[in-house]
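Participant: Got a predicted model here, sequence first, then my questions.
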Amino acid sequence: MTKVELGPDGKPVVPAHVLDAVRTLIEWTGEDPAREGLLDTPKRVARAWKEYCSGYADDPSLHLSRTFEEVGGYDEIVLLRDIPFQSHCEHHMAPITGKASIAYLPKDRVVGISKLARVLNGYARRLQVQERLTAEVAKCIWDNLQPHGVAVVIDAQHGCMTGRGVRTPGVGMVTSRLLGSFLEDQSSRKEVLSLMGY
């Protein structure tokens with residue numbers, strides 16, 4: 001990702017070609033980009049998208065680099081449930097909003113629970129498809145914590161379906177990725193999914 005130049009206000013400087021692109025899009029919708037209410041919109045939109053896609057500047061695996069081995073013999077499931085997130089689909093750049101449940105069965109170390117949410121957000125703040133987001137979060141935890149098992153379930157609504165096209169609000173899409181013991185052992189799978197509410 002290219003380095004972002006900051007202006008005197010501490011906000012990203014938006015290149016002229018990006019402002020022009022947003023103005024072109026506004027005009028293409030049938031609006032007048034020179035109208036008073038839209039004059040600053042290209043800059044706002046550009047900066048918003050830089051924030052929406054801030055995950056490209058984030059290496060989610062770094063959030064899992066600090067672990068703890070002193071857990072008092074704890075060897076059961078660690079679960080962070082119903083983590084809210086927002087992403088954008090790569091097909092229409094429409095919002096994806098939902099919640100994720102992330103669990104792992106530690107082998108010999110654990111990580112601070114906020115780090116699981118940070119891993120999710122690192123991948124969610126990119127142009128995404130829900131299936132890939134689910135797989136990326138699970139793989140990152142699996143590769144970096146090397147636990148006995150990992151389970152990730154994401155339940156989300158897609159703006160490309162609710163606000164355009166078929167226009168069916170209220171429809172949720174659920175994806176899951178199970179690794180290790182949660183994939184191989186039926187009782188472990190049942191337990192973790194039950195704890196997640198599925």
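Facilitator: Yep, that arrived. Residues are numbered from 1 along each chain as shown.

Participant: can we go C-alpha only for contacts and neighbour counts from here?
Facilitator: Will do.

Participant: Counting by contacts, list what the lowest-mean-pLDDT helix or strand in the chain packs against.
Facilitator: Lowest by mean pLDDT, DSSP states H and E among the helices and strands of the chain is helix 159-162, with a mean of 89. Using 3 or more Cα pairs under 8 Å, 6 or more residues apart in numbering; DSSP states H and E, the elements in contact with helix 159-162 are strand 95-105.

Participant: Can you tell me the SS state at R167?
Facilitator: coil (DSSP: H, G, I helix; E, B strand; the rest coil).

Participant: how about it, what does it touch?
Facilitator: Applying Cα atoms under 8 Å, 6 or more residues apart in numbering to R167 gives the contacts M161.

Participant: Need phi/psi at the spatially most central residue of the chain.
Facilitator: Closest to where the C-alpha atoms of the chain average out (Cα atoms, centre = their mean) is A124, at 1.6 Å. Dihedral pair for A124: phi -70, psi -30, per degrees, to the nearest 10.

Participant: Just the strands from this protein, written as ranges.
Facilitator: Listed in chain order, the strands found in the chain under DSSP state E are 67-68, 78-89, 95-105, 110-111, 127-128, 149-158, 173-180.

Participant: Tell me what the spatially closest residue to the residue nearest to the centre of the chain that is not a sequence neighbour is bridged to.
Facilitator: Among residues not flanking A124 along the chain, S87 sits closest, at 4.9 Å (Cα to Cα, 6 or more residues apart in numbering). Here S87 sits in beta bridges with I96, as judged by DSSP bridges.

Participant: which residues does S87 contact?
Facilitator: Contacts of S87 by Cα under 8 Å, 6+ apart are Y52, P95, I96, T97, A124, R125, R126, L127, Q128.
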